[in-house]
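J.: predicted model follows, preceded by the sequence.
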Amino acid sequence: YKKIADSPNNPYYEKFRNVNIAEVIDYTAAKTNFYDNLSHILNKGSKTKPKPEFIKAYLVSQGEGIGHKKIAESSDVSYQNLTDIEGKFMRVDSLIEAGDVIIDAIAKLPIFKYYNLSDYGILASLDGQKIETKYQTIKARYSTKYFGYGRGVVSYSLIANHLPASTKIIGANEHESHYVLDIVYNNTSDLNITAISGDMHSINRVNFAFMNLFNYDFMPRFTKFYDKTNDHLVAFKSFKSYQNDLIKPAHFINKELIINEWDNIRRIMVSLAGKEASQSCIIRKLSSYSKKNNTLKALIEYDKIIMSIYMLKYIDDIELRRNVHRALNRGEAFHQLRSALLQVSGKKILGRTDNCLEISNQCNRVLAGGLIF
């Protein structure tokens, strides 16, 4: 059956002129000069600069998952030109910088501040998008729920006021909560993010603690909230103090354990702050012998305190709940934009290695940033 194309949800959009993706890239490049960040791999000795038409063709080839051969067949840019520019100019770091230039240019526009959901700064959201891969790689895993008989990866993105502040490819078998601090702390754009929302996949036993110690407000959306409060609310005083209260704590906090292990917790935070270790690596190490690990137990106790404070705010403040939902909806809207970009290739991302997958992911971010700009 032929699928009926989606009609515009508002007649206003029918008045817009259809624009070529190349025109969008040209306009964005003219206003932001993001081409300058795509420097030669031999930065000191080389004076050559990539031609704009080659960059455009490469971004569309990788960002939309079309591939070099199809782009070469349908444009004036040859296959050799694309492979040449890939080896000399296209690296993950340079593409991240190019994307950051576009994001920072949007943040400087006068309208940007009106997208803030709260007075205390930017409330960003974290969410992973399941994307099928064209080729088999280490990170590409099978999942009948999301990919049918295919295999795929997760593009984990930090969305701040509709903008992809940072994005990272992780395996479909990995838990998204292990990368929450990494992706927020490694945000290289100029966006000053103060609070982060996420769905239930962003919650684990230590994320409230980690985010609090790095001065971020972690504000996830809870499902089955009644059960969560019954099981996870904690208190410092004895349970008799709360007999007459409507909301009662479920557990008592072990303050001595937190005090005794505080030096070890600080060492972990210093390692994370210095980027000597990633959050996913530290969680794996701590969890490998969790029954005897007092440092992990102390972190979990501290996490319970922060989570309980947030839960009580979540119950009391309807505006907070609305803002969390709105932030998550913005993340879903960005995923729709990315899906539209990948529509040409059957919503499959290119890359025969993990590095190539990340390059395609960053090209997609640059294209999405250009469209939003």
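T.: That came through fine.

J.: which positions in the host helix or strand of Ile55 come out as buried?
T.: Using DSSP states H and E, the element containing Ile55 is helix 52-63. Across helix 52-63, burial judged by 16 or more other Cβ atoms under 10 Å covers Phe54, Ile55, Lys56, Ala57, Tyr58, Leu59, Val60, Ser61, Gln62, Gly63. (Glycine included, C-beta is placed from N, CA and C.)

J.: next one: stretch 241-258
T.: Pro249, Ile253, Leu257, Ile258.

J.: for the stretch 101-250 of the chain, what spans make up the strands?
T.: Shown for the stretch 101-250 of the chain, the strands assigned by DSSP state E, counting those that start in this stretch span residues 122-133, 141-142, 151-160, 163-171, 193-198, 217-218, 234-235.

J.: quick one: closest of those to Ala98.
T.: Ala98 lies closest, by Cβ to Cβ, to one member of the strands of the stretch 101-250 of the chain: strand 163-171, at 12.5 Å.

J.: pLDDT of that closest one, averaged?
T.: For strand 163-171, the mean pLDDT works out to 92.

J.: with stretch 38-54 instead?
T.: For stretch 38-54, the mean per-residue pLDDT is 79.

J.: show residues contacting it.
T.: Residues outside stretch 38-54 that contact it (Cβ atoms under 8 Å, 6 or more residues apart in numbering): 26, 29, 35, 55, 76-77, 81-82, 85, 87-91, 94-95, 98.

J.: cool, stretch 65-74 as well?
T.: Applying Cβ under 8 Å, 6+ apart, the contact partners of stretch 65-74 are 57, 60-61, 77-79, 81-83, 134, 342, 344-350, 360.

J.: what is the end-to-end distance of it?
T.: 15 Å (Cα to Cα, to the nearest Å).

J.: can you give me the offset of that stretch from its chain's centre?
T.: 28 Å (Cα atoms, centre = their mean, to the nearest Å).

J.: would you put the C-alpha positions of stretch 350-360 in PDB?
T.: Provided in PDB are the C-alpha atoms of stretch 350-360 (Å, rounded to 0.1, in the frame of the first residue of the first chain):
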ATOM      1  CA  LEU A 350      26.500   4.700   8.100                       C
ATOM      2  CA  GLY A 351      29.800   3.400   9.500                       C
ATOM      3  CA  ARG A 352      31.900   0.200   9.300                       C
ATOM      4  CA  THR A 353      33.800   1.100  12.600                       C
ATOM      5  CA  ASP A 354      32.800   2.800  15.800                       C
ATOM      6  CA  ASN A 355      34.800   5.900  14.800                       C
ATOM      7  CA  CYS A 356      32.900   6.100  11.500                       C
ATOM      8  CA  LEU A 357      29.600   5.700  13.300                       C
ATOM      9  CA  GLU A 358      30.500   8.700  15.500                       C
ATOM     10  CA  ILE A 359      31.500  10.800  12.500                       C
ATOM     11  CA  SER A 360      28.100  10.000  10.800                       C
END
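
J.: buried residues, that stretch. List them.
T.: Leu350, Gly351, Cys356, Leu357, Glu358, Ile359, Ser360.

J.: surely Ser308 meets Asp231?
T.: No - if you go by Cβ atoms under 8 Å, Ser308 and Asp231 don't touch, sitting 11.3 Å apart.

J.: which of these two has more neighbours?
T.: Ser308 (20 against 10; other Cβ atoms under 10 Å).

J.: helix or strand for that one, which one?
T.: Assigned by DSSP H and E, Ser308 belongs to helix 294-316.

J.: mean confidence (pLDDT) on the helix or strand following that helix, please.
T.: Using DSSP H and E, the helix or strand that directly follows helix 294-316 along the chain is helix 318-341. Helix 318-341 shows a mean pLDDT of 93.

J.: and for stretch 211-221?
T.: Mean predicted confidence for stretch 211-221 is 92.

J.: so what touches stretch 16-27?
T.: Pro52, Ile55, Lys56, Leu59, Val60, Glu64, Leu367, Gly370, Leu371.

J.: so how far is that stretch from its chain's centroid?
T.: For stretch 16-27, the distance to the chain centre is 26 Å (Cα atoms, centre = their mean).

J.: same question for stretch 348-366.
T.: Distance, centroid of stretch 348-366 to centroid of chain: 15 Å (Cα atoms, centre = their mean).

J.: and for stretch 13-28?
T.: 26 Å.

J.: stretch 161-177 now?
T.: In terms of Cα atoms, centre = their mean, the centre of stretch 161-177 is found 4 Å from the chain centre.

J.: in it, what's buried?
T.: Across stretch 161-177, burial judged by 16+ other Cβ under 10 Å covers 161, 163-170, 172, 174, 176-177.

J.: CA atoms only: put it into PDB for me.
T.: The C-alpha atoms that make up stretch 161-177 are tabulated as PDB, following Å, rounded to 0.1, in the frame of the first residue of the first chain:
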ATOM      1  CA  ASN A 161      16.200  24.500  24.200                       C
ATOM      2  CA  HIS A 162      15.700  22.300  21.100                       C
ATOM      3  CA  LEU A 163      19.500  22.400  20.400                       C
ATOM      4  CA  PRO A 164      21.700  19.200  20.300                       C
ATOM      5  CA  ALA A 165      24.400  20.400  22.800                       C
ATOM      6  CA  SER A 166      26.200  17.100  22.600                       C
ATOM      7  CA  THR A 167      25.600  13.600  21.300                       C
ATOM      8  CA  LYS A 168      27.400  10.300  21.600                       C
ATOM      9  CA  ILE A 169      27.000   6.800  20.100                       C
ATOM     10  CA  ILE A 170      26.600   4.000  22.700                       C
ATOM     11  CA  GLY A 171      25.800   0.300  22.300                       C
ATOM     12  CA  ALA A 172      22.100  -0.700  22.200                       C
ATOM     13  CA  ASN A 173      22.900  -3.200  25.000                       C
ATOM     14  CA  GLU A 174      24.300  -0.500  27.400                       C
ATOM     15  CA  HIS A 175      22.300   1.300  30.000                       C
ATOM     16  CA  GLU A 176      21.800   5.000  29.200                       C
ATOM     17  CA  SER A 177      22.100   6.000  32.900                       C
END
